[in-house]
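Student: pasting the sequence and the predicted coordinates here, then a few questions.
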Amino acid sequence: MTLTEKLLARASGKSSVQAGDNIWVNADVLMTHDVCGPGTIGVFKREFGKDAKVWDKNKIVIIPDHYIFTADSKSNRNVDILRDFVREQGLPYFYDVIDDPNGHWQFDSSKGMLKRQYGSRYAGVCHTALPAKGHTRPGEILFGTDSHTCMAGAFNLFATGIGNTDAGFVMGTGKLLIKVPETMHFRLEGALQPGVMAKDIILHCIGEIGFDGATYRAMQFDGEGVKSLSMDDRMTIANMAIEAGGKNGIFEFDSRTQEYVDARVKLNGTKASYTPVARDKDEKFVYEMVVDMSKLEPTVACHPDPGQRKKAKDMDVKLDRAYVGSCTGGKTSDFVEFAKILRGRKVTIDTFGVPATPDIVNELQSTRWGDKTIWEILTDAGVQMTENAGCAACLGGPVDTFGRINKAGINCISATNRNFPGRMGDKESKVFLASPMTVAASAIAGKIVDPREYLGN
């Protein structure tokens, strides 16, 4: 069996499964957020009763993160709906925006978008917060009401996005009917060259198979090349499995995975035990690709979908805006590479930076490079950095969302994960997806360029 098949077999209580089987699996974690949480709660109460209790309060994680720092009253209300449900059910894993369990969330636009407006438990973007808070354990099943839930597959677990109806059912029963997906195999070899990042790996893969090339399939990443990839790198790759239509992305378990997970579960006091799955010799794949990472170059996904791949060096597109952030591009390592290009330079277009979590904000503001912090290097370069970690403009959101494209005809280069028309705001604008290094170089040049032009200078 493949890694995905082994995980699903275990969760269904079967000795083996194969692609195409329909099986009931037991969930280890259900995650929801402020966009889909109220709908999921509504389905749960409608189907199980207004006084029903969730199947296991210790297995539900609620993380408001999408439409948070906006004065939109309905968005603010959604967080209050989550808080009321958490109090009613006694759920321990709720990463609220405010500290008062009986309070109400209201974003104060008069304070501006850059300075912190959240409490001590707020965790930021759900997909980055889940591993950081110790909720991604190898060998488990994680369902989330968000398509990019597949990012957690970096930790050797089956993680996939589901809709509100399915999530309401899981909330009440702890189970879900799953069709076992076929598995596509991506063997990574070699090592990335300077100026090339994990984002370039996944954009290359999607460019090869198309933005629908993995529809309802598992994307398994393994090989000697994986050893050189950090957990941040693996999260970036697994996150974008959905951009090829994938059901899930998954990596092997190794010492780097163990080190990360063990540290986070200890720090946050979450469940510490887990049992990873290893590869079998008789794996059957529906597709195989070998990726020599040493031959990859900085890559850009062009309008109107993530499959429209081009090399950055072959492009000459004038830009109006640059954006670094989200679960895919807002990690500490992403901003460090962003700063590597921007250090001592200035951006020439509007450039926005949104860290994924408050912890990342703290790391950027405390980690020094020479006589400046990473945060200072970026702001001195002209980047508008907000302390209000979250999804921000990645999903568009209300018109006052930080970094949102509200004007027609804008060309934006972004380190986010999706570029369908209207994704970051205006439907007539174009979003080009690239690594943080490519975004940085392009923000300096005012057009899409290869970041290697700025390395070593």
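Tutor: Here it is on my side, so go on.

Student: distance from stretch 263-278 to the middle of the chain?
Tutor: In terms of C-alpha atoms, centre = their mean, to the nearest Å, the centre of stretch 263-278 is found 20 Å from the chain centre.

Student: go on, stretch 272-280?
Tutor: Distance of stretch 272-280 from its chain centroid, counting by C-alpha atoms, centre = their mean, is 22 Å.

Student: give me the mean pLDDT for that stretch.
Tutor: Stretch 272-280 shows an average pLDDT of 98 in the prediction.

Student: mind listing what's buried in that stretch?
Tutor: Buried residues in stretch 272-280, counted by 16 or more other C-beta atoms under 10 Å: 274, 276-277. (Each C-beta comes from the backbone N, C-alpha and C, glycine too.)

Student: can you put those residues in JSON lines and add distance to residue 165?
Tutor: Converted to JSON lines, the buried residues of stretch 272-280 look like this (distance: C-beta to C-beta, whole Å):
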{"residue": "274", "distance to residue 165": "29"}
{"residue": "276", "distance to residue 165": "31"}
{"residue": "277", "distance to residue 165": "29"}
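
Student: could these be laid out in a markdown table, adding distance to residue 399 and secondary structure?
Tutor: Below are those laid out as a markdown table (distance: C-beta to C-beta, whole Å; DSSP: H, G, I helix; E, B strand; the rest coil):
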| residue | distance to residue 399 | secondary structure |
| --- | --- | --- |
| 274 | 43 | coil |
| 276 | 45 | coil |
| 277 | 45 | coil |
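
Student: closest to residue 36 out of these?
Tutor: Among the buried residues of stretch 272-280, residue 274 lies closest to residue 36 (C-beta to C-beta), at 26.3 Å.

Student: need the contact list for that closest one.
Tutor: Residues counted as contacts of residue 274 (C-beta atoms under 8 Å, 6 or more residues apart in numbering) are 137-140, 261.

Student: hang on, the earlier thing: and which of the buried residues of stretch 272-280 is nearest residue 182?
Tutor: Using C-beta to C-beta, the buried residues of stretch 272-280 come closest to residue 182 at residue 277, 17.4 Å.

Student: does the closest one really touch residue 11, like I thought?
Tutor: No: judged on C-beta atoms under 8 Å, residue 277 makes no contact with residue 11 at a distance of 10.6 Å.

Student: tell me the bridge partners for the closest residue to residue 297 other than its chain neighbours.
Tutor: Leaving aside its sequence neighbours, residue 297 sits nearest to residue 311 (C-beta to C-beta, 6 or more residues apart in numbering; 5.2 Å). Beta bridges link residue 311 to residue 299, judged by DSSP bridges.

Student: which residues touch residue 311?
Tutor: 297-300, 450.

Student: and it, what's its pLDDT?
Tutor: The model's pLDDT for residue 311 equals 98.

Student: where's it relative to residue 302, distance?
Tutor: Counting by C-beta to C-beta, to the nearest Å, the separation of residue 311 from residue 302 is 11 Å.

Student: point out where the stretch 151-300 of the chain drops to low pLDDT.
Tutor: Judged against pLDDT under 70, the stretch 151-300 of the chain has no low-scoring part.
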